[in-house]
Structure formats: structure tokens, C-alpha cells
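[1] Here is a sequence together with a model predicted from it:
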Amino acid sequence: GNSVTQMEGPVTLSEEAFLTINCTYTATGYPSLFWYVQYPGEGLQLLLKATKADDKGSNKGFEATYRKETTSFHLEKGSVQVSDSAVYFCALPVDGGATNKLIFGTGTLLAVQP
Amino acid sequence: GAVVSQHPSRVICKSGTSVKIECRSLDFQATTMFWYRQFPKQSLMLMATSNEGSKATYEQGVEKDKFLINHASLTLSTLTVTSAHPEDSSFYICSARASGDSTDTQYFGPGTRLTVL
């Protein structure tokens, strides 16, 4: 089945710093790729997604580009805010959609300091 | 759009009692829902896949008689933790996949914090 490797945290940044959280994957074909965010004490929220190679997903200033050459889907934001402090999960389908299940990375804790 | 609710958000119960958690898709129909468990500072552990009108599919190591799942309609799935014990204390999160969605996107509920005394 497919797999995902995510950058370990925690990542600590000052407000307005540039953010990159690395995510690489192995997959059969070209599955959809996702970033989810989890704020303290809450469930996961879909942050962005890309459904085919070379697509760029974006939302709330975050971006990630589906790069098939490097099998990566790195999350970036040009200027982080304290309110971005959360855990970020990279995810993709387990098996090309046969079971509709997703496999998640281990999560990266981002702490933004004022 | 694509809102999923969970109820209750927090529950405390005595050991040996059963607890039911509801997961609802509020503005879309969900043929498939998923139940996860999350331990502190860890990723999500998939417990089972819930399909409307059929039996749930459990992941290896998850006791189906202990974690009863019912997906009675296209907008509601329930997880019942039977004869709960302290080791069942955890954060339970559901997600839903919209019927007809080919991208495998899952929309998550806000989670239920279960504490068994």
C-alpha cells in the first residue's frame, strides 16, 4: 500500500517567519494528497488538497504543490501567525481509493511565538 | 459546507457502563464514515470503516463486540463503547466521505473526549 513520511517536530518559529513542513510519499499511481490541521482539543480540519500531479493546493496562506518527480507535498506559508500553532498532518489514500481509507503522517507540531 | 458534528464532545462515565457517540454529516450525504482513536501527542489510529446499510469493517486488533458501530442513514453513524474501562479513555474522532466524491477527501468531526473512571 501507499505510505507517507512527514517531518518530525516540534517546529518553533517566530511570528512572520517562513514555514516549511516536509512530506514525502510512496504511492501507486497519482492519488490525491492532503494536509489536515488539528488545533488543540479539536478534530482535524482539511487545510488543502491536490488531486493530480503539478496541482497546487492553497488555503489561508498555506500552499503545497503535488510534485511527482520528487514524490513530495511540502506545506509552506510565507508568514506564520500565532494562530497557526497546531499539529499538521500529511495524508493520502492507503490503496488508490479501493477502501477509501487514508494514511496519515505522524503529525508535525508547529509552535509560533509572538 | 462539508460539516461533520459529533455528540457528545466530552463524556465521563463509570467503568462497566456503555457510551454512545454520534457522528453526523450536516450538509452532505456520507455513504462511508470512519472512526478513529487518538492518543495524546500521537497520530490517528483507524478503528473501523462504517458503510451505510452494511456491517462495519474493523481494523486488525479492534474488538468489534466492544466497539459497536451502526451506520443507519446517510448522515449518521454511531459508535458505542460497551462495558467501558479506563483503558478505553481516549479521544475519538469520526470522519465522513461524501457520496460520489472520487478524491477520497474525508471531513472530520470535532472529536469526543471519553474518560472512564
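    Yep, it's here.
[2] Going by C-alpha atoms from here, please, whenever you check contacts or count neighbours.
    OK.
[3] give me the residue from chain A nearest chain B.
    Per C-alpha to the nearest C-alpha, residue A:43 is where chain A lies closest to chain B, at 4.0 Å.
[4] ok now do that residue, which residues does it touch?
    Residue A:43 sits next to B:93, B:108-111 when contact means C-alpha atoms under 8 Å, 6 or more residues apart in numbering or on different chains.
[5] Excluding covalently adjacent residues, which one is nearest to it?
    Leaving aside its sequence neighbours, residue A:43 sits nearest to residue B:110 (C-alpha to C-alpha, 6 or more residues apart in numbering or on different chains; 4.0 Å).
[6] neighbours around the one you found, how many?
    By other C-alpha atoms under 10 Å in any protein chain shown, 26 other residues sit near residue B:110.
[7] any idea which helix or strand carries residue B:114?
    Here residue B:114, judged by DSSP states H and E, is contained in strand B:112-116.
[8] any residue of that strand up close to chain A?
    No: contact of strand B:112-116 with chain A (C-alpha under 8 Å from any C-alpha of the partner chain) is absent, the minimum separation being 8.6 Å.
[9] number of nearby residues for residue 45?
    Just so you know, I chose chain A. By the criterion of other C-alpha under 10 Å, residue A:45 has 19 neighbours.
[10] nope, chain B
    The tally of other residues near residue B:45 (other C-alpha under 10 Å) stands at 16.
[11] likewise the one 4 residues further on?
    A count of nearby residues for residue B:49, using other C-alpha under 10 Å, gives 23.
[12] and it, that's in a strand?
    Yes: counting by DSSP: H, G, I helix; E, B strand; the rest coil, residue B:49 falls inside a strand.
[13] coming back round to it: distance-wise, check the residue nearest to residue A:43 relative to residue A:15.
    Remark: distance between residue B:110 and residue A:15 (C-alpha to C-alpha, to the nearest Å) = 27 Å.
[14] who does the strand holding residue B:114 touch, helix- and strand-wise?
    strand B:10-13, strand B:90-98 (3 or more C-alpha pairs under 8 Å, 6 or more residues apart in numbering or on different chains; DSSP states H and E).
[15] on that earlier part again, pLDDT for the contacts of residue A:43 - can I get that in CSV?
    Formatted as CSV, these follow (pLDDT from 0 to 100):
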residue, pLDDT
B:93, 96
B:108, 96
B:109, 96
B:110, 95
B:111, 95
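[16] hang on, the residue nearest to residue A:43 is in a strand, isn't it?
    No: Residue B:110 sits outside any strand when classified using three-state DSSP, being coil.
[17] for it, what are its contacts?
    The contact partners of residue B:110, taken as C-alpha under 8 Å, 6+ apart, are A:42-44, B:4-6, B:9, B:93.
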